[in-house]
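Trainee: this is a predicted model, with the sequence first.
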Amino acid sequence: MDSPRVLVTTRSFRKMPGPHQDILNEANCEIVNSPVDRPLEASELADLLVGIDAAILGVDDVSAEALSKADRLKVISRYGVGVDRVDLAAATAGGIVVTNTPGGNTNAVAELTLAFMLALARNIPCQDRRIRAEDWSLMKGVELAGKTLGLLGIGRIGQRVAELAQVFGMRILFCDPYPPADEFVARVGAEACTQEVLFGQSDFLSLHLPLTTETRNVIDADTISQMKPGAFIINTARGGLIDEAALLAALESGRIAGVAFDAFEVEPSLGNPLIAHDNFISTPHIGSSTEQTTLRMGLMASQNALAVLRGERPEHVVNPEVYERIRQDETGS
C-alpha cells in the first residue's frame, strides 16, 4: 500500500498516543490533522477531504456537501457508534465505506449514566453550589435501592447500565423492539414492557437510542405527561431525542424532578435555558471521554480504516450495500 493520506478530526484520538496511532504510522500513512479542536461543519470538512484516502471522524457534519470534494476517499471510519451525522446515502453513492466502533464506549457511557443517577438522586451539584455560596442548607435526596429504572433502548450500553443498576437493588424495566437474549434478561432480572408502562412506572428514565426520524423528540410534552410525577430523565445517547422546550416546561412546573444531559440537540449548547435550572445537570458530550475508551475506539477506528485501504472488509460496516456499488464501479456493470 502506497502512503495513504488519512484525515483525523477527533481531538482525543490525536492527543493521546497509543496503538491506534502506531498502526497508522506502521502502515506508512500520512496523517492530516484537523486544524481545530471541535466538530467540523460541512464546508470545512469538504475542503479537508480533498486528496484524502481515509477519514477518521468524530461527530463532524458528514453531509453530501461535506463529501462533494472527496476525490479519493475510500472509507469514513467513525470514532464512535452513532452515524446520524453521516449521509449514508451520499457515502454509498460515492462508493465510500462507512464503519463505526460498537462496544468501544459501552462501559464509559454506562458509568456516566450511573454517575448522573447518583448525582440527581442526592442533589450533588446543587448542594455543591450552595456550599460554595456559603449556604449550608440541606436537601433531602432519594436512594436508588427499590426505585424503578426504565431503559428506553437496551443495546450494549443499556445492558451495561442494567448490570450496574442491579447492584444498587433497582427494579429494571426496558422497552426495545430488539430485546436482549433471554439469559441476560433473567440474569439482571429485567422486565420487558410497553412505552406506556415504562413512562408510567419509571422513577429514573434513561435513554439509549440512536437518533432517527422515528426517535426524534421521542420524549415530548405528550410522553412527559405520561411519566410518573417526580421522575428523573437521563440522556447520554443523542441530542434531538428530547423536545428541550417541553422538558424545560416540565422542570419548571415540577412535573419532572431532575434531568441530566450529556447530549444536546445543538452543540455546543452554551446559553441553553435548561442549563440555568437548578435541577438540570450536564456535561459537554463526554460519554466516551476516558483513557480506556479512547484507546479502544481509536484502535478499532484505525483498524477499520486500514482494512478498507487494504481492500478488506471490516467487521463493523454501517452501509454494507456500498460493496455492491463498488463492485459495479469496478466491473462497469
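Mentor: Structure received.

Trainee: mean confidence (pLDDT) on stretch 324-333, please.
Mentor: Along stretch 324-333, the predicted confidence averages to a pLDDT of 80.

Trainee: actually stretch 217-236, not the one I typed
Mentor: 97.

Trainee: gap between the two ends of that stretch?
Mentor: As for stretch 217-236, its first-to-last residue distance stands at 15 Å under the measure C-alpha to C-alpha, to the nearest Å.

Trainee: quick one: buried residues of that stretch?
Mentor: Going by neighbour count (16 or more other C-beta atoms under 10 Å), the buried part of stretch 217-236 is 217-219, 223-224, 227-228, 231-236. Every residue, glycine included, has its C-beta placed from N, CA and C.

Trainee: same deal with stretch 86-94?
Mentor: Counting neighbours by 16+ other C-beta under 10 Å, one finds that the buried residues in stretch 86-94 are V86, D87, L88, A90, A91, T92, G94.

Trainee: make a markdown table out of those and add pLDDT.
Mentor: Putting these into a markdown table (pLDDT from 0 to 100) gives the following:
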| residue | pLDDT |
| --- | --- |
| V86 | 96 |
| D87 | 97 |
| L88 | 97 |
| A90 | 97 |
| A91 | 98 |
| T92 | 97 |
| G94 | 96 |
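
Trainee: circling back: can you lay out the buried residues of stretch 217-236 as JSON lines showing distance to S3?
Mentor: Written out in JSON lines, the entries for these read as follows (distance: C-beta to C-beta, whole Å):
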{"residue": "N217", "distance to S3": "46"}
{"residue": "V218", "distance to S3": "46"}
{"residue": "I219", "distance to S3": "48"}
{"residue": "T223", "distance to S3": "52"}
{"residue": "I224", "distance to S3": "54"}
{"residue": "M227", "distance to S3": "55"}
{"residue": "K228", "distance to S3": "59"}
{"residue": "A231", "distance to S3": "55"}
{"residue": "F232", "distance to S3": "52"}
{"residue": "I233", "distance to S3": "49"}
{"residue": "I234", "distance to S3": "45"}
{"residue": "N235", "distance to S3": "42"}
{"residue": "T236", "distance to S3": "39"}
